[in-house]
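[1] Got a predicted structure plus its sequence, pasted below:
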Amino acid sequence: FSSMKSGTSPAAAEAARSLKALDCSGYHDEFVVIVVRAAMDLTEEDLAAGVNLLVLLRKAEILMESQISRGFEKLVLTWQDIQLD
């Protein structure tokens, strides 16, 4: 995440292009889970970069609000597992 310090970084833009090119919107909620879990294991700066990436993907209409919500719902359902990590 360190290369995505802002939502306008080249790495964030490349992540957006790649996710869109995959054309697998049915798995976007899983992408949200992966981004948030990874960012939680790193620094505050990395967490902010993860949030910025999700904001960029939402603004670009690559991620829908429902997909982001489902991703966070999945995180809540597995919260005990996350606490153990």
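    Looks like it came in fine. Numbering: from 1, shown residues only.

[2] In the protein, spot the helix with the most residues.
    helix 44-59 (DSSP state H).

[3] buried ones in that helix?
    D46, L47, A48, A49, G50, N52, L53, L54, L56, L57 (16 or more other Cβ atoms under 10 Å). To be clear about C-beta, it is placed using only N, CA and C from the backbone, and glycine gets the same treatment.

[4] quick one, strands of the protein?
    Remark: strands of the chain are absent; assignment by DSSP state E.

[5] Which stretches in it count as helices?
    Assigned by DSSP H, the chain shows helices spanning 10-22, 28-40, 44-59, 65-77, 79-84.

[6] Can I get these in CSV including mean pLDDT?
    CSV is the format used below for the helices of the chain (pLDDT from 0 to 100):
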stretch, mean pLDDT
helix 10-22, 89
helix 28-40, 89
helix 44-59, 89
helix 65-77, 93
helix 79-84, 64
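
[7] what about V36, neighbour count?
    20 (other Cβ atoms under 10 Å).

[8] so it makes contact with I68?
    No: V36 lies out of contact with I68 (Cβ atoms under 8 Å); the separation is 9.7 Å.

[9] Give me the common contacts of those two.
    In terms of Cβ atoms under 8 Å, 6 or more residues apart in numbering, V36 and I68 are both contacted by the residues L54.

[10] so how far is L42 from K59?
    23 Å (Cβ to Cβ, to the nearest Å).

[11] give me phi/psi at E61?
    Main-chain torsions, E61, degrees, to the nearest 10: phi 60, psi 30.

[12] For burial, what's the neighbour tally of it?
    Under the neighbour criterion other Cβ under 10 Å, E61 is assigned a count of 8.

[13] ok, it - contacts?
    Neighbours of E61 in contact, by Cβ under 8 Å, 6+ apart: none.

[14] Just the pLDDT at it, thanks.
    What the model reports for E61 is a pLDDT of 94.

[15] how near is it to A48?
    22 Å.

[16] What of L22?
    L22 is 25 Å from A48, by Cβ to Cβ.

[17] how far does stretch 54-65 stretch from start to finish?
    10 Å (Cα to Cα, to the nearest Å).
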